[in-house]
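Participant: pasting the sequence and the predicted coordinates here, then a few questions.
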Amino acid sequence: MSATNDLDALLLQRLPEPGPWLSTELRLAAVVCPIVARDGRDHLLFAVRPEGLRQHAGQIGFPGGMRHGDEDPIACALRECHEEVAVPRDAVRVLGMLPPRESSSGILVHCLVARIEPVPLVPDPREVVRVLHVPLADLRDETRWRERTPPPTATGYQPRISPHFEIGSDLLWGLTARFVRDLVARLRD
């Protein structure tokens, strides 16, 4: 069994299956935490948002967005992943779900963890200026993480401190960093 298969089996065992939206008065959104094999190692794929956006300008996040109509979290997350980076639904294998979290802008975000097959990525320039592939082993390295105050560019209600992870000149922080920390904790248990 390959390391990829081992990781997928472990996540299928440790993560709950995706369910319906949690009952809330908040707006609802879903993201995909995409795991991709690259150069023989597992990576997480992140989207870097354009600087000109009204919210989350220049930030690093997972592909995802707001619920449309009566779609469930899986349909929402997969639609957004396809819209933002052109990943077809049949190239995605959902492995489970992390606990939903409230964003700084008052949205309850459901995070699906999924294996993405190697496919050409085509970022929609209105939503994604580039993608980052970060080795999962790097994200599991506790010495690379720092708890800091959010950057001065942060919008919405921000907790006093947030996990931060430097990726070259890029900075992963906030809600997406919390989801990554949730995933890493599941792998550590």
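Facilitator: Yes, it's here.

Participant: longest helix of this structure?
Facilitator: When the chain is parsed with DSSP state H, its longest helix is helix 174-188.

Participant: quick one: the strands in the protein?
Facilitator: With strands called from DSSP state E, the chain shows them at 27-38, 41-48, 60-61, 64-66, 92-102, 107-116, 130-135, 145-148, 162-167, 170-173.

Participant: other residues contacting the longest helix of the chain?
Facilitator: For helix 174-188, the external contacting residues (Cβ atoms under 8 Å, 6 or more residues apart in numbering) are 7, 10-11, 14-15, 31, 33, 44, 46, 59-62, 98-99, 101, 103-104, 109, 111, 113, 139-140, 145, 150, 154, 158, 162-165, 172. Quick note: C-beta positions are derived from backbone N, CA and C, even for glycine.

Participant: show me which of those residues are buried.
Facilitator: Buried by 16 or more other Cβ atoms under 10 Å: 7, 11, 14-15, 31, 33, 44, 46, 59-62, 98, 103-104, 109, 111, 113, 139, 145, 150, 154, 162-165, 172, out of the contacts of helix 174-188.

Participant: can I get the strands of the chain in TSV with distance to Arg186 and mean pLDDT?
Facilitator: Shown next, in TSV, are those (distance: least, Cβ to Cβ, whole Å; pLDDT from 0 to 100):
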stretch	distance to Arg186	mean pLDDT
strand 27-38	11	97
strand 41-48	13	96
strand 60-61	20	93
strand 64-66	19	93
strand 92-102	8	96
strand 107-116	9	97
strand 130-135	17	96
strand 145-148	16	88
strand 162-167	15	90
strand 170-173	18	89
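
Participant: would you mind finding the most buried of these?
Facilitator: Greatest average neighbour count among the strands of the chain goes to strand 107-116 (a mean of 24), per mean count of other Cβ atoms under 10 Å.
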